[in-house]
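1. Take this sequence and fold it.
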Amino acid sequence: MSYTRKSRRKDRKIKTQTTAERRRGGNSPAARRAAANANVRVRPTASRYTKVDSTPKNRPTSPTTKPKVTKTSPSELRGDKKVTKPRNGKPAKTSVPKRPRVTGKGSRNVSTTNPNTGKRTLANVTREQLIKAGLTTGPKGLRKYLNFMDRKGRRPTAKDFK
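-> From the prediction side, this is the model:
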């Protein structure tokens, strides 16, 4: 059997890049040395016009039995959250734990717990405390304030950030 150049090109195998090559920078000498010691995965090439059978040969193409479908109500999917019936065509509401009261005194966080809806935790820092410390009232200022509290164990003042 004689091979033509075209058929030899089809039978040629492609070398996929190993993780060692990727780590060392592709085709550098260090990568080639690392690749020489690594396992190489090889896959046969196929022309883009060749039809490839994607189903395995030992598995039937059509399922012999239909999969069972069990119907579940929306309340079962949501878990233990309380679902109320819609009123006047409005969508159903799920209950959320009440917002905890932020006083700016005491511990770092304040939280409320509800057995039906879970726990809700907020940082115990007021807007006035952020401004007094010389920080912005956005998330960056709050993060800086809370990180300081975690490190030092006390509430910061304006001179702590200068």
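
2. Would you point out the helix or strand in the chain whose mean pLDDT is lowest?
-> strand 42-44 (a mean of 57; mean pLDDT, DSSP states H and E).

3. Name the helix or strand for Arg120, please.
-> strand 118-123 (DSSP states H and E).

4. Sheet-wise, list the partners of that strand with their directions.
-> strand 109-114 (antiparallel) (DSSP bridges).

5. For the strand it pairs with, which residues meet the burial criterion?
-> Val110 (16 or more other Cβ atoms under 10 Å). All C-beta spots, glycine's among them, are computed from the backbone N, C-alpha and C.

6. who does the top helix by length along the chain touch, helix- and strand-wise?
-> Determined from DSSP state H, the single longest helix within the chain is helix 139-152. Secondary-structure packing of helix 139-152 (3 or more Cβ pairs under 8 Å, 6 or more residues apart in numbering; DSSP states H and E): helix 127-132.

7. can I get the CA coordinates of the longest helix of the chain in PDB?
-> This file holds the C-alpha atoms of helix 139-152, laid out as PDB (Å, rounded to 0.1, in the frame of the first residue of the first chain):
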ATOM      1  CA  PRO A 139     -16.800  50.000  50.200                       C
ATOM      2  CA  LYS A 140     -13.100  51.000  50.000                       C
ATOM      3  CA  GLY A 141     -13.400  53.200  53.100                       C
ATOM      4  CA  LEU A 142     -15.400  50.600  55.000                       C
ATOM      5  CA  ARG A 143     -12.900  47.900  54.100                       C
ATOM      6  CA  LYS A 144     -10.000  50.000  55.400                       C
ATOM      7  CA  TYR A 145     -11.900  50.800  58.600                       C
ATOM      8  CA  LEU A 146     -12.700  47.100  59.200                       C
ATOM      9  CA  ASN A 147      -9.200  45.900  58.400                       C
ATOM     10  CA  PHE A 148      -7.900  48.400  60.900                       C
ATOM     11  CA  MET A 149     -10.300  47.100  63.600                       C
ATOM     12  CA  ASP A 150      -9.300  43.500  62.900                       C
ATOM     13  CA  ARG A 151      -5.600  44.300  63.200                       C
ATOM     14  CA  LYS A 152      -5.600  46.700  66.200                       C
END
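
8. related to what we said a few turns ago, orientation of the strand holding Arg120 relative to helix 139-152 in degrees?
-> Strand 118-123 and helix 139-152 are oriented at 90 degrees to each other (axes from the mean of the first three to the mean of the last three Cα atoms, to 10 degrees).
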